[in-house]
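[1] Sequence and predicted model, in that order:
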Amino acid sequence: MKKIHPAVRCLFILPAVLWFFAAVIVPVLMAVYYSFFSWDGMTAKVFIRFDNYRELFKDPVVWKSLTNSLKMAFWCVLLQLPIGMAFSVILFNRKLKGRGFFRTVYFLPVVLSSSMIGILWGQIYDPNFGLLNGLLEAVGLKQLQQIWLGDMKLALGCIIAVVVWQFIGNYILIYYTALHNISEDVLESARLDGAGVLKLFRYIELPLMWPVIRLTLILATVNSLKYFDLVYIMSNGGPNHASEVLASYVVKNAFNSMRIGYANTVAVLLLVLGIFFIVLYNKILAPSSASD
């Protein structure tokens, strides 16, 4: 087999590297740069050193948004991954009829537009003519009817429920693919040795899927931290910032208040938070930890 020169390999990966640099590295560096300025996007920038960061730590909405973002990440990881794993194991059963149909149904919310999903669920949660309150009344539980998105205690939970529902199919597909890639010879040998369904999953499938589980844990956490679409469409961060997340607060500062510099400061906080969780997961979920 002819050996490929390293320069040729670098030439082939150069477009991807340039694209990554232009789409990721440059915007990150620009966000850090603009965070040191007071700027409305039109007039001249004013260098204010660390004033934006001082305001960041004193801003109560930032802390509320940070708490909400962490809550969303926690519940999305806690619900999406185990449920996704459970459904993937069920769908992997070759005796299950209609597996292709169920795979399509579960993945359908992922490919739907977030705008359409936000509007749909906004109508479902509507306190006056929404499906949810109507269903509660129909089954004799009218006392459980709520304002839902208008209630400070319920708004964030209602949005998290929709986010979990929307993206479970994504993790079902990832885990199903990981199960499918496990050698059938390994599984058959374990079955011949007397391993049941639970032991097969615990001692064979789960360890072999560990790299994929670690990846999905990072994806679920980071994607939840930067989630914006449904929050903006369904509640716009309200009522009284009860469902505000860091990403929606960035957009409000940038486009509503025209505080581009401060918006980038909040974005830098979101970036640091994402990097922190990636490093943390890679540290505590290293392959050596999994093998122990």
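    Done, it's in.
[2] residues of the helix or strand containing residue 186 that come out buried?
    Element membership for residue 186, per DSSP states H and E: helix 184-192. Buried positions in helix 184-192, judged by neighbour count with 16 or more other C-beta atoms under 10 Å: 187, 190. Every residue, glycine included, has its C-beta placed from N, CA and C.
[3] what packs against it?
    With contacts taken as 3 or more C-beta pairs under 8 Å, 6 or more residues apart in numbering; DSSP states H and E, helix 184-192 sits against helix 197-200.
[4] List the buried residues of the helix it packs on.
    Those would be residue 200, for helix 197-200 by 16+ other C-beta under 10 Å.
[5] Could I have the CA atoms of that helix written out in PDB?
    The C-alpha trace of helix 197-200 is given here as PDB (Å, rounded to 0.1, in the frame of the first residue of the first chain):
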ATOM      1  CA  VAL A 197     -31.300  -9.700  28.500                       C
ATOM      2  CA  LEU A 198     -30.400  -7.700  31.600                       C
ATOM      3  CA  LYS A 199     -26.900  -9.300  32.000                       C
ATOM      4  CA  LEU A 200     -26.300  -8.900  28.300                       C
END
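[6] just to revisit the earlier point, and the helix holding residue 186, how far from the chain's centre?
    Counting by C-alpha atoms, centre = their mean, to the nearest Å, helix 184-192 is centred 35 Å from the centre of its parent chain.
[7] again, but for stretch 114-129
    Relative to the chain's own centre, stretch 114-129 is displaced by 20 Å; criterion: C-alpha atoms, centre = their mean.
[8] For it, buried residues please.
    Buried, per 16+ other C-beta under 10 Å, within stretch 114-129: 114, 117, 118, 121, 122, 124, 125, 126.
[9] and the residue nearest to the fifth one when sequence neighbours are not counted, what does it touch?
    Going back to what we said before, that points to residue 122. In this structure, residue 122 finds its nearest non-sequential neighbour in residue 234, 5.1 Å apart by C-beta to C-beta, 6 or more residues apart in numbering. For residue 234, the contacting residues are 118, 121, 122, 125, 149, 158, 159, 162, 243, by C-beta atoms under 8 Å, 6 or more residues apart in numbering.
[10] out of these, which are inside helices?
    Using DSSP state H, 118, 121, 122, 158, 159, 162 are the members of these that sit in helices.
[11] I'd like these as CSV, with distance to residue 30 and pLDDT appended.
    Output for these, formatted as CSV (distance: C-beta to C-beta, whole Å; pLDDT from 0 to 100):
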residue, distance to residue 30, pLDDT
118, 29, 92
121, 34, 94
122, 34, 93
158, 35, 95
159, 30, 95
162, 32, 95
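[12] So which elements touch whatever helix or strand residue 78 lives in?
    Here residue 78 sits within helix 60-92, counting by DSSP H and E. Secondary-structure packing of helix 60-92 (3+ C-beta pairs under 8 Å, 6+ apart): helix 99-111, helix 155-180, helix 210-225, helix 246-251, helix 260-284.
[13] and the longest one, how far out from the chain's middle?
    Averaging C-alpha positions (C-alpha atoms, centre = their mean) puts helix 155-180 9 Å from its chain's average.
[14] Tell me the buried residues in it?
    Neighbour counts using 16+ other C-beta under 10 Å place 155-156, 158-160, 162-164, 166-176, 178-179 of helix 155-180 among the buried residues.
[15] what two of the buried residues of stretch 114-129 have the greatest distance between them?
    Distance extremes for those: the farthest pair is 114 and 126 at 18.5 Å, using C-beta to C-beta.
[16] Reformat the buried residues of stretch 114-129 into JSON lines and put distance to residue 39 next to each item.
    Shown next, in JSON lines, are those (distance: C-beta to C-beta, whole Å):
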{"residue": "114", "distance to residue 39": "29"}
{"residue": "117", "distance to residue 39": "34"}
{"residue": "118", "distance to residue 39": "30"}
{"residue": "121", "distance to residue 39": "36"}
{"residue": "122", "distance to residue 39": "34"}
{"residue": "124", "distance to residue 39": "40"}
{"residue": "125", "distance to residue 39": "37"}
{"residue": "126", "distance to residue 39": "39"}
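[17] I appreciate the help and will end here.
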